[in-house]
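1. sequence isn't available, so here's the structure alone:
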């Protein structure tokens with residue numbers, strides 16, 4: 001039988017793929033064990049997010065949507081850890097914290113003398129992220145000029161330092177995040193449509209805490225244990241009143257707000273049980289009447305007013321025309337601030 005040179009190559013390739021898959025699975029398991037606080041959860045929305053993380057990890061550009069406090073930065077770091085670039089740098093940048101000129105210089109670098117204060121040649125953060133990942137948080141805050149340069153990089157893999165004409169090749173994965181609706185920003189011409197569609201190919205949305213069901217109590221318990229250990233306080237559990245309040249809260253600041261609330265409660269707690277009085281959490285918004293209920297209420301008032309008018313204020317006659325007893329009608333009159341006569345006889349002019 002002739003020796004087939006391709007067989008060892010195929011076997012070698014299969015072994016390599018098996019090792020790579022095992023390494024990826026090991027990293028996934030390690031990430032789950034040491035999961036960032038904001039990403040702890042067993043709810044269905046979080047299981048969907050975990051699945052999406054594994055799918056997008058090997059790709060290039062990604063955009064993450066999420067409200068403040070949901071952990072967009074931690075999700076970006078987790079995606080980097082699961083990607084083939086995990087051995088190289090993860091470089092986070094808060095685009096909203098830097099003015100336009102400084103942000104451009106920080107990202108792409110500058111040449112000596114490019115502007116006042118540029119005393120030396122400086123490489124930017126894109127070059128620092130060579131081989132790894134650069135995370136652009138609050139990308140919606142970036143100016144149109146910075147957006148243009150970012151689009152050029154995503155298309156050609158090149159950056160140009162301020163003051164230079166020569167482009168430089170950079171191999172870096174880009175992950176962007178925002179708590180704004182980029183589609184609205186595109187309509188308002190605050191965000192480039194071509195960059196939006198370039199980023200939109202792969203998007204992840206972190207669910208707000210209020211949509212994560214049982215994760216709320218799971219996270220609260222996690223923080224209670226963590227801060228009890230940190231501050232060396234024997235806080236064993238939440239009382240039922242505290243649990244009810246935690247589950248009813250809207251948590252507009254999401255996991256970060258819950259974390260700070262539990263930390264404060266542990267610090268203030270004087271005994272073994274963390275009670276409602278120890279918590280400083282927002283009350284759920286009051287439920288307003290629906291339009292349907294408002295319409296019914298308006299119609300009911302109209303009927304009562306009409307009946308009283310036709311009976312010349314006679315409560316007995318009005319109640320009879322509405323097919324209700326006098327007590328029920330009086331309750332409605334009190335609710336609507338209406339007056340009637342004290343006469344119990346039939347209204348004049350009626351048969």
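-> Okay, I see it. Everything quoted here is computed from the prediction, not taken from an experiment.

2. which stretches of the stretch 251-351 of the chain form helices?
-> Along the stretch 251-351 of the chain, counting by DSSP state H, counting those that start in this stretch, helices occupy 254-268, 291-310, 315-321, 326-336.

3. and residue 63, which of the ones you listed is closest to it?
-> Distance to residue 63, taken as CB to CB, is lowest for helix 254-268 among these, at 18.7 Å. Placement of C-beta: from N, CA and C, glycine included.

4. now do the helices in the stretch 1-150 of the chain.
-> Taking DSSP H, counting those that start in this stretch, the helices of the stretch 1-150 of the chain run over residues 6-33, 44-56, 72-82, 100-108, 125-128, 144-156.

5. which stretch in the ones you listed has the least confidence?
-> Here the lowest mean pLDDT among those goes to helix 6-33, at a mean of 53.

6. ok, the residue lying closest to residue 275 once chain neighbours are set aside - contacts?
-> Nearest residue to residue 275, sequence neighbours excluded (CB to CB, 6 or more residues apart in numbering): residue 239, at 4.7 Å. Applying CB atoms under 8 Å, 6 or more residues apart in numbering to residue 239 gives the contacts 273, 274, 275, 276.

7. wait, residue 108 sits on residue 164?
-> No - taking CB atoms under 8 Å as the definition, residue 108 is not a contact partner of residue 164, at 9.3 Å.

8. of those two, who's got more company?
-> residue 108 (25 against 15; other CB atoms under 10 Å).

9. tell me who's in contact with that one.
-> Contacts for residue 108 were tallied using CB under 8 Å, 6+ apart; they are 124, 126, 149, 159, 160, 161, 162.

10. mind checking how far it is from residue 149?
-> Residue 108 sits 6 Å away from residue 149, taking CB to CB, to the nearest Å as the criterion.

11. now swap in residue 313 and tell me
-> As judged by CB to CB, residue 313 and residue 149 stand 78 Å apart.

12. looking only at neighbour counts, state which of these two leads.
-> Neighbours were counted for residue 313 and for residue 149 using other CB under 10 Å; residue 149 has more, 19 against 16.

13. what's near enough to touch that one?
-> Residue 149 neighbours (CB under 8 Å, 6+ apart): 104, 107, 108, 159, 160.

14. do the same with residue 217
-> Residue 217 sits next to 243, 246, 247 when contact means CB under 8 Å, 6+ apart.

15. quick check on it: phi, psi?
-> phi -70, psi -40 (degrees, to the nearest 10).

16. residue 226 versus residue 262, what's the distance?
-> In terms of CB to CB, residue 262 sits 9 Å off from residue 226.

17. those two - which one has more neighbours?
-> Between residue 262 and residue 226, residue 262 has the larger neighbour count (other CB under 10 Å), namely 28 against 15.
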